[in-house]
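K.L.:
Predicted model follows, preceded by the sequence.
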Amino acid sequence: IDERGGPCGPALPGRLLSARMKHKRSDSGGTMRPVLVVVGFLLLVLGSASAWACTGVVIACDGHVVAGGNEDWSRPDSYMWAEPVAGRLHGVVYFGYEVRGEFGDRPPFWYEFQGINSVGLFFDSFGAPCAGLSDEEQLRPRYAGRIEQLIMRWCSTVEEAVRMITQYDRSFMTCMQYLLVDRTGAAAVVEAGKVVWMESDTFAVTNFHLSDPSHGGYPCWRYDI
């Protein structure tokens, strides 16, 4: 439980959202917290790209953090929607699609593919080669709701979100992965069985496992550029 009492432990219907991370003086004279800038692109179709041809990029340098992602998909039912701050819950802006049972047992609903919350935590989701989980990981409890909503409503940092996701059974992630970025410049890719952290001032993710490209999907020209 953090100091907010949450469980994390010790926009616009367009193609672009952008902001800048910088330190300012608050009205009370203190230093304001940095702000994450998110650049989000929906329905950017790159020629003959497949339904899972997604790209995410993070740049963190000179006191600025920029994160971006696109969903290369030609379906027309893309949406932007928002949840307001409510008590201890963060506000969130989501980008996604109106799914109708295409992704397993989820009910027909707007499916969150990407989003940013009111404290500067950003996520994006990516298809990836299917991979198994260890026996120990499969014994973890299964979260009954949508994990994307859980981390965005309650978590403030990548570290908190990683801790939140990995405490649960990640069987639903065996063919996908998440990019997580926060306003401090921390970033990580959460795969079904591993977590890969950003170790320099730039980071990119497409549709292969950074932990083991031999699983498939690499070489990838979108990653290389």
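P.N.:
It's in. Numbers count the residues shown, from 1 in each chain.
K.L.:
Poorly predicted segments of this structure, please.
P.N.:
Applying pLDDT under 70 to the chain picks out residues 1-52, 100-110.
K.L.:
Just the strands from it, written as ranges.
P.N.:
37-42, 53-61, 64-72, 78-83, 92-99, 109-117, 122-127, 176-181, 187-190, 195-197, 202-205 (DSSP state E).
K.L.:
helices or strands up against the fourth one?
P.N.:
Counting by 3 or more Cβ pairs under 8 Å, 6 or more residues apart in numbering; DSSP states H and E, the packing neighbours recorded for strand 78-83 are strand 92-99. In short, each C-beta sits where N, CA and C put it, glycine included.
K.L.:
could you dump the strand it packs on to CSV, C-alpha only?
P.N.:
C-alpha atoms of strand 92-99 as CSV (Å, rounded to 0.1, in the frame of the first residue of the first chain):
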residue,chain,number,x,y,z
VAL,A,92,-6.8,8.2,-17.4
VAL,A,93,-7.1,8.9,-21.1
TYR,A,94,-7.3,5.7,-23.2
PHE,A,95,-7.0,4.9,-26.9
GLY,A,96,-8.4,1.7,-28.2
TYR,A,97,-11.0,-0.1,-30.2
GLU,A,98,-14.6,-1.3,-29.7
VAL,A,99,-14.0,-5.1,-29.6
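K.L.:
Tell me which strands it pairs with, and in which orientation.
P.N.:
Here strand 92-99 is paired, per DSSP bridges, with strand 78-83 (antiparallel), strand 109-117 (antiparallel).
K.L.:
about what we covered before: now tabulate the strands of the chain in TSV and tack on mean neighbour count.
P.N.:
As requested, those are exported to TSV (neighbours: other Cβ atoms under 10 Å):
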stretch	mean neighbour count
strand 37-42	21
strand 53-61	22
strand 64-72	23
strand 78-83	15
strand 92-99	20
strand 109-117	22
strand 122-127	24
strand 176-181	26
strand 187-190	24
strand 195-197	16
strand 202-205	20
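K.L.:
Adding distance to R153 as columns, could you present these in JSON lines?
P.N.:
Output for the strands of the chain, formatted as JSON lines (distance: least, Cβ to Cβ, whole Å):
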{"stretch": "strand 37-42", "distance to R153": "17"}
{"stretch": "strand 53-61", "distance to R153": "21"}
{"stretch": "strand 64-72", "distance to R153": "19"}
{"stretch": "strand 78-83", "distance to R153": "7"}
{"stretch": "strand 92-99", "distance to R153": "7"}
{"stretch": "strand 109-117", "distance to R153": "7"}
{"stretch": "strand 122-127", "distance to R153": "12"}
{"stretch": "strand 176-181", "distance to R153": "14"}
{"stretch": "strand 187-190", "distance to R153": "17"}
{"stretch": "strand 195-197", "distance to R153": "21"}
{"stretch": "strand 202-205", "distance to R153": "23"}
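K.L.:
How far does stretch 127-138 sit from its chain's centre?
P.N.:
What separates the centre of stretch 127-138 from the centre of its chain is 18 Å, taken as Cα atoms, centre = their mean, to the nearest Å.
K.L.:
middle-most residue in the protein, spatially?
P.N.:
F123 (1.6 Å; Cα atoms, centre = their mean).
K.L.:
From what I see, that residue and V162 are in contact.
P.N.:
No. Taking Cβ atoms under 8 Å as the definition, F123 is not a contact partner of V162, at 11.0 Å.
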